[in-house]
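Visitor: whatever this is, show me its structure:
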Amino acid sequence: MRVLIDGLAARHPAARAGAAPALHGLSLSVAAGEQVAVIGPSGAGKTTLLQVLACALPMTQGRLMLDDTAPWALPRAQLHALRGRLFLAPQVPPLPPRQRVVTAVLAGRLPAWSLGASVRSLFYPRDIPAAHDALERFDLSDKLFERVDRLSGGERQRVGLARALLAPAQLWLIDEPLSALDPSRSRQAITALTDVARERGITLVATLHQVDVALAHFPRIVGLRDGALAFDLPAAEVSRERLARLYAQYEHELRGDLQVAADEPPLADPVPAVMHCR
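Guide: Predicted coordinates for the structure are as follows:
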């Protein structure tokens, strides 16, 4: 799926009325099948950008085109169908705590299923082998029938990523997928995502705090700072000087001080995330 944004402005979904936009004057294009990492300090507008691209958050200004379609100009039914071709993975996956992992992963298929099929799969999972294969990519196949609330924070995050592999989507929007993973699990997870996206021709846009991972696994890096585009470059051209300017006064984030200890459960309740299913 091709992505084009031109002169985009948008407010964070939790912003108060009249608050300054989280993004402003942002223009960017992403080719079908391209893989882009978005980096920048906290508050740069990375999550807001993904929510706009997912058609979960309307713009306040500018233009968004997905495959030459203006989403917000579509009738409600067509917008709903378009959202079925998108997959947004929030940093904290909204997994019901008493749900089985197999059901949580198969939820990625919901946009392609009828209501009846979706309900039946809650009681009799429809494609257990597919869920097993997706989990195996993240070294979680042994957790197939575990309850979600018995998983660590890192395991829950990987379950949320495994769900993407079953989604009938042409655009993956992945928000901070490695925040609860140690370096080894991080490499495994990002390799799984980029490899599958490449195999299927899926466009992948991921926000990352781990700059070293972004540079190692993504051919194109977009830097955001204070809601505006700081740079848009091939990974090989992102110098230490550019990164120092991007993270000025946030050097602890560039050093990776925000990395969460491996597989620890979250310290607070998950923040609700917008999801579109049918």
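
Visitor: helices and strands of this protein: which one bottoms out on pLDDT?
Guide: Every helix and strand in the chain was compared by mean pLDDT, DSSP states H and E; the lowest is helix 115-123, with a mean of 73.

Visitor: going on from that one, what's the next piece of helix or strand?
Guide: Helices and strands here follow DSSP states H and E; after helix 115-123, the next one along the chain is helix 128-136.

Visitor: and the following helix or strand past that next one, C-alpha only, in CSV?
Guide: Using DSSP H and E, the helix or strand that follows helix 128-136 in sequence is helix 153-164. What follows is the C-alpha trace of helix 153-164 in CSV, where atoms were taken according to Å, rounded to 0.1, in the frame of the first residue of the first chain:
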residue,chain,number,x,y,z
GLY,A,153,5.0,-8.2,29.6
GLY,A,154,7.5,-9.1,26.9
GLU,A,155,5.5,-12.2,26.0
ARG,A,156,2.3,-10.2,25.7
GLN,A,157,4.1,-7.7,23.4
ARG,A,158,5.3,-10.6,21.2
VAL,A,159,1.7,-12.0,21.1
GLY,A,160,0.5,-8.6,19.8
LEU,A,161,3.2,-8.7,17.1
ALA,A,162,2.3,-12.3,16.1
ARG,A,163,-1.3,-11.1,15.5
ALA,A,164,0.1,-8.9,12.7
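
Visitor: elements contacting helix 153-164?
Guide: strand 86-89, helix 101-106, helix 128-136, strand 171-175, helix 183-200 (3 or more CB pairs under 8 Å, 6 or more residues apart in numbering; DSSP states H and E). (Each C-beta comes from the backbone N, C-alpha and C, glycine too.)

Visitor: next, the buried residues of that helix.
Guide: Taking 16 or more other CB atoms under 10 Å as the basis for neighbour counts, the residues of helix 153-164 that come out buried are 153, 154, 155, 156, 157, 158, 159, 160, 161, 162, 163, 164.

Visitor: dump the residue contacts of the residue nearest to residue 171 when sequence neighbours are not counted.
Guide: Counting by CB to CB, 6 or more residues apart in numbering, residue 171 lies nearest to residue 1, which is 4.3 Å off, once chain neighbours are set aside. With contact set as CB atoms under 8 Å, 6 or more residues apart in numbering, residue 1 has these partners: 32, 66, 67, 85, 86, 170, 171, 202, 203.

Visitor: how does it look with 10 Å?
Guide: If a contact means CB atoms under 10 Å, 6 or more residues apart in numbering, then residue 1 has 30-34, 53, 66-67, 69, 82, 85-86, 169-172, 201-203 as its contacts.

Visitor: please apply the same query to residue 253.
Guide: For residue 253, the set of contacting residues under the criterion of CB under 10 Å, 6+ apart consists of 39, 40, 41, 42, 209, 210, 211, 246, 247, 259.

Visitor: got it, and residue 145?
Guide: Contact criterion CB under 10 Å, 6+ apart gives 100, 101, 102, 103, 125, 128, 131 as the residues in contact with residue 145.

Visitor: turn the helices and strands packed on helix 153-164 into JSON lines, columns for mean neighbour count and mean pLDDT.
Guide: Written out in JSON lines, the entries for the helices and strands packed on helix 153-164 read as follows (neighbours: other CB atoms under 10 Å; pLDDT from 0 to 100):
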{"stretch": "strand 86-89", "mean neighbour count": "24", "mean pLDDT": "96"}
{"stretch": "helix 101-106", "mean neighbour count": "24", "mean pLDDT": "94"}
{"stretch": "helix 128-136", "mean neighbour count": "18", "mean pLDDT": "96"}
{"stretch": "strand 171-175", "mean neighbour count": "25", "mean pLDDT": "97"}
{"stretch": "helix 183-200", "mean neighbour count": "17", "mean pLDDT": "95"}
